[in-house]
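Colleague: build me a model:
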Amino acid sequence: MSSQRQRDRPDARELLVDLVSLPSPSGEERACCERLVDFFESHGREVWIDDVGNVRAPADDSVLLTSHVDTVPGDIPVEIKPGDESETSEIDAESSEIPSDDVSEQLWGRGSVDATGALAAMAAAAIEEGVSFAGVVREEVDSGGARHLLDTREAPDTVVNGEPSGWEGITLGYRGLLAGTYVATSESGHTSRPENNAIQDAMDWWRRVEEELEPDEWTPVFERVTTKPVGFAGGSSTDGLSVEATMDVQLRVPPAMTAEGVEEIADGVLNGGTVQWKDRVEPVMQSPRTPVARAFRAAIRRAEGDPRLLRKTGTSDMNIFRAWDCPMVTYGPGDSDLDHAPNEHLALAEFDRSLDILRDAAATLAGN
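Modeller: Here you go, the predicted model:
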C-alpha cells in the first residue's frame, strides 16, 4: 500500500463511523448528506446536494461510484467490537474516535453493511482517483434518488453501484420487481351463502397467480418469479353493506422475463377484483467480460483474493441504472445476509480491503 493510501485510511474510517452514527432512514438522510458534502469539500472537490437530496460530486466520468445514503429503520447501538465480541468499545458520536487498528474489529450499527460501508469506501476512492461520485437517497423505498440521477445527468462510461458483496464478490445481476395492490368488493350477505365474498376472491386470485408462476423445483431461485403477499386487510365495510378486501403483493422478476410480462400473467387470472400496479423495476444482468467487471476481477486478484461472480435475488439501484446502457457492476464490503438484520455489523478489515479494490479498479477505468 502506498504512503498516500496509508495516510488516507484513517480519514475513510472516520467518515464511515460518522455516517453510521448519523441515523438516515429513508426520508431522513440530510445529516448524512451534509457530512458527505463536508468530506468532499475538505478535499477540494466540487459537490452539492440536488433537488431530491442526492449528494453529487462530478469529476472524471469514466466511472461513476454511487451508493445509497438511506437505511431501513432500526436502532442498533453504534459500537466497535472485537471479533470474538468479548468486549465492546462504545463510540463517541461527537468525536467519532476510532479505536486502535485490529483486523478482528467490527463496526456495529444500522447501515454498516447496507450500504454505508460501500458509500464511505466509494467516497474515499472517488477523491483519491478523481472520479465521479453520487450518494443517492430513498433506495430502500422507491429508488427516487437513482431515478432523479438518471433523469438529470448524462450516462457515465461505467457505473459501480454500492451494495454489500463481500470484498471478493462482484454482483452482475438482480431480479426485477413488480408490486401492486389487489382490491375486491362484494355485497354483504349471510356466511352460509355459497358465493365467494371479496376475501375469498382475493385468496382465489393469489392462488391462481402462484399456480401460473410456479417454477420447476430444479429452477434456481434467481431464475424464478418469487410471489409474496406482503399485506392484507378484509372485512365488512363501515356501513355494513359490503365486504372489502385489499392485498399488497410483490413479485420478483428474473432476467428471462419482464415486469410487464409478469403483470400480464397476473392480470390474466383476475376474477372480479382489480389490481393497481404501483412499481415496475426491470431485471438486470451484466456480462462478466465488460471493462468494469474485468477491472474488478484483476484488482481482487492483485489483492490476493479469489473473485466471485454473484447474482442477487433482490433488487437494487443497479436495476434503475440499466437505462443508461453502460457497463455496470455492484460492489461493496459486508455480508449481505446481515442486510436489515438486528445484528448488522461490518468488519473494518474488510472495509479497508474493499477500499483498496475500489481504488485499484477506479484507477484502471480512469487510466490513472
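Colleague: looks to me like residue 262 is in a strand.
Modeller: No - counting by DSSP: H, G, I helix; E, B strand; the rest coil, residue 262 is not found in a strand; it is helix.
Colleague: residues in contact with it?
Modeller: 178, 213, 225, 251, 253 (CB atoms under 8 Å, 6 or more residues apart in numbering). For every residue, glycine as well, the C-beta is placed using N, CA and C.
Colleague: any idea how far residue 253 is from it?
Modeller: Distance, residue 262 to residue 253, by CB to CB, to the nearest Å: 5 Å.
Colleague: where does pLDDT dip in the protein?
Modeller: Within the chain, the segments meeting pLDDT under 70 span 1-10, 84-103, 188-194, 238, 240.
Colleague: domain parsing for it?
Modeller: If you go by automatic domain parsing, the domain ranges for the chain are 3-175+283-366, 178-281.
Colleague: mean neighbour count, those: which tops it?
Modeller: Scoring the domains of the chain by mean neighbour count under mean count of other CB atoms under 10 Å gives domain 3-175+283-366 as the most buried, with a mean of 20.
Colleague: returning to what we had before: would you list the contacts of residue 262 in JSON lines and tack on distance to residue 149?
Modeller: Formatted as JSON lines, those follow (distance: CB to CB, whole Å):
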{"residue": "178", "distance to residue 149": "23"}
{"residue": "213", "distance to residue 149": "32"}
{"residue": "225", "distance to residue 149": "28"}
{"residue": "251", "distance to residue 149": "26"}
{"residue": "253", "distance to residue 149": "22"}
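Colleague: from the residues you listed, pick the one nearest residue 13.
Modeller: Set against residue 13, the nearest of these by CB to CB is residue 253 (38.2 Å).
Colleague: how about that closest one, what does it touch?
Modeller: 175-178, 225, 259, 262, 281-283.
Colleague: rerun that using 10 Å as the cut-off
Modeller: 174-178, 224-226, 259-263, 280-283, 315, 319 (CB atoms under 10 Å, 6 or more residues apart in numbering).
Colleague: now go through the residues you listed and say which are in helices.
Modeller: Among those, the members falling in helices (DSSP state H) are 259-263, 319.
Colleague: wait, which of those residues is closest to residue 57?
Modeller: Nearest to residue 57 among the ones in helices among the contacts of residue 253, counting by CB to CB, is residue 319 at 23.2 Å.
Colleague: quick check: that closest one touching residue 252?
Modeller: No - contact criterion CB atoms under 10 Å: residue 319 and residue 252 do not qualify, at 11.0 Å.
Colleague: shared neighbours, these two?
Modeller: By CB under 10 Å, 6+ apart, the residues touching both residue 319 and residue 252 are 174-177, 259, 281, 283.
Colleague: turn these into JSON lines, including distance to residue 183.
Modeller: Formatted as JSON lines, the shared contacts of residue 319 and residue 252 follow (distance: CB to CB, whole Å):
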{"residue": "174", "distance to residue 183": "29"}
{"residue": "175", "distance to residue 183": "26"}
{"residue": "176", "distance to residue 183": "23"}
{"residue": "177", "distance to residue 183": "20"}
{"residue": "259", "distance to residue 183": "20"}
{"residue": "281", "distance to residue 183": "22"}
{"residue": "283", "distance to residue 183": "27"}
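Colleague: and of those, the nearest to residue 53?
Modeller: Nearest to residue 53, judged by CB to CB, of these is residue 281 at 20.3 Å.
Colleague: assess the claim that that closest one and residue 260 are in contact.
Modeller: No - in this structure residue 281 lies outside contact range of residue 260 using CB under 10 Å: 11.4 Å.
Colleague: hey, what's in contact with both of those two?
Modeller: In terms of CB under 10 Å, 6+ apart, residue 281 and residue 260 are both contacted by the residues 178, 253.
Colleague: give me the residue at the spatial middle of the chain.
Modeller: By CA atoms, centre = their mean, the chain has its centre lying nearest to residue 316, at 4.3 Å.
Colleague: now that residue: how far from residue 213?
Modeller: 22 Å.
Colleague: tell me who's in contact with the spatially closest residue to residue 282 that is not a sequence neighbour.
Modeller: Computed as CB to CB, 6 or more residues apart in numbering, the closest residue to residue 282 that is not its neighbour in sequence is residue 176, at 4.7 Å. Contact analysis of residue 176 by CB under 10 Å, 6+ apart lists 225, 251-255, 257-259, 262, 279-284, 315, 319, 322.
Colleague: also residue 222?
Modeller: Contacts of residue 222 by CB under 10 Å, 6+ apart are 173-175, 252, 254-256, 283, 285, 310-313.
Colleague: again, only this time at 7 Å
Modeller: Contacts for residue 222 (CB atoms under 7 Å, 6 or more residues apart in numbering) come out as 175, 254, 311, 313.
Colleague: ok, the second one - contacts?
Modeller: Spelled out, it's residue 254. Neighbouring residues of residue 254 by CB under 7 Å, 6+ apart: 175, 222-225, 283.
Colleague: out of the contacts of residue 176, which are inside strands?
Modeller: Among the contacts of residue 176, the members found in strands (DSSP state E) are 251-253, 279-281, 284.
Colleague: switch those over to CSV; also include distance to residue 356.
Modeller: What follows is these, written out as CSV (distance: CB to CB, whole Å):
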residue, distance to residue 356
251, 39
252, 33
253, 35
279, 37
280, 38
281, 32
284, 26
